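*Asks:* With the input below, show me the fold.
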Amino acid sequence: MSVKPQLYLMAVLVFGILSIACEKNQLTVEYRVTGKASKAYTITFVSNSAGESSTIINAPIPWNYSFLADRGDTVYISAWSSDSVKVQIFVDGDLKAEDWDDNVAEARCVVE
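*Replies:* Residues are numbered from 1 along each chain as shown. Model (predicted):
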């Protein structure tokens with residue numbers, strides 16, 4: 001094998017390892033809102049890894065939203081409804097925080 005193919009192979013290997021290492025710092029966050037009502041008056045949540053928040057008005061229940069977040073990010077969701085409402089935060093499929101109540105529920109956690 002000549003030197004050029006070996007260097008190319010080495011570069012691909014290093015790039016692949018770095019890509020895998022970078023991906024592990026980002027995890028999938030999923031919010032879920034469920035409840036007895038057919039809609040939530042408002043749902044407010046951190047909507048991206050930059051910590052920006054969004055509010056949705058008259059959102060249908062059940063409702064969910066997913067995005068990638070960095071390890072160490074704080075994520076948050078709240079929902080307000082006419083009846084019992086439940087909010088949940090999943091990180092890479094694992095339930096990390098939840099709350100439920102008659103009209104308002106909120107949850108937050110650190111992405112780990």
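
*Asks:* Determine the set of other helices and strands touching the strand ranked longest in the chain.
*Replies:* Among the elements of the chain assigned as strand by DSSP state E, the one spanning the most residues is strand 26-35. Packing partners of strand 26-35 (3 or more Cβ pairs under 8 Å, 6 or more residues apart in numbering; DSSP states H and E): strand 39-46, strand 63-70, strand 74-81, strand 85-91. C-beta: built from backbone N, CA, C; applies to glycine.

*Asks:* okay, the angle between it and strand 85-91?
*Replies:* Direction vectors for strand 26-35 and strand 85-91, defined by axes from the mean of the first three to the mean of the last three Cα atoms, to 10 degrees, enclose an angle of 170 degrees.

*Asks:* Neighbouring strands - and their directions - for strand 26-35?
*Replies:* strand 63-70 (antiparallel), strand 85-91 (antiparallel) (DSSP bridges).

*Asks:* On the strand side of things, show who the most centrally placed residue in the chain bridges to.
*Replies:* Relative to the mean C-alpha position of the chain, the nearest C-alpha, by Cα atoms, centre = their mean, is the one of residue 29, at 1.7 Å. The bridge-partner assignment for residue 29, based on DSSP bridges, gives residue 67, residue 91.

*Asks:* show me what contacts it?
*Replies:* 66, 67, 68, 69, 75, 89, 90, 91, 111 (Cβ atoms under 8 Å, 6 or more residues apart in numbering).

*Asks:* count of neighbours near the fourth one?
*Replies:* The criterion is other Cβ atoms under 10 Å. On that basis, residue 69 has 22 neighbouring residues.

*Asks:* just checking, it touches residue 26?
*Replies:* Yes: using Cβ atoms under 8 Å, residue 69 is in contact with residue 26, at 6.7 Å.

*Asks:* any common contacting residues for the two?
*Replies:* Contacts common to residue 69 and residue 26, judged by Cβ under 8 Å, 6+ apart, are residue 49.
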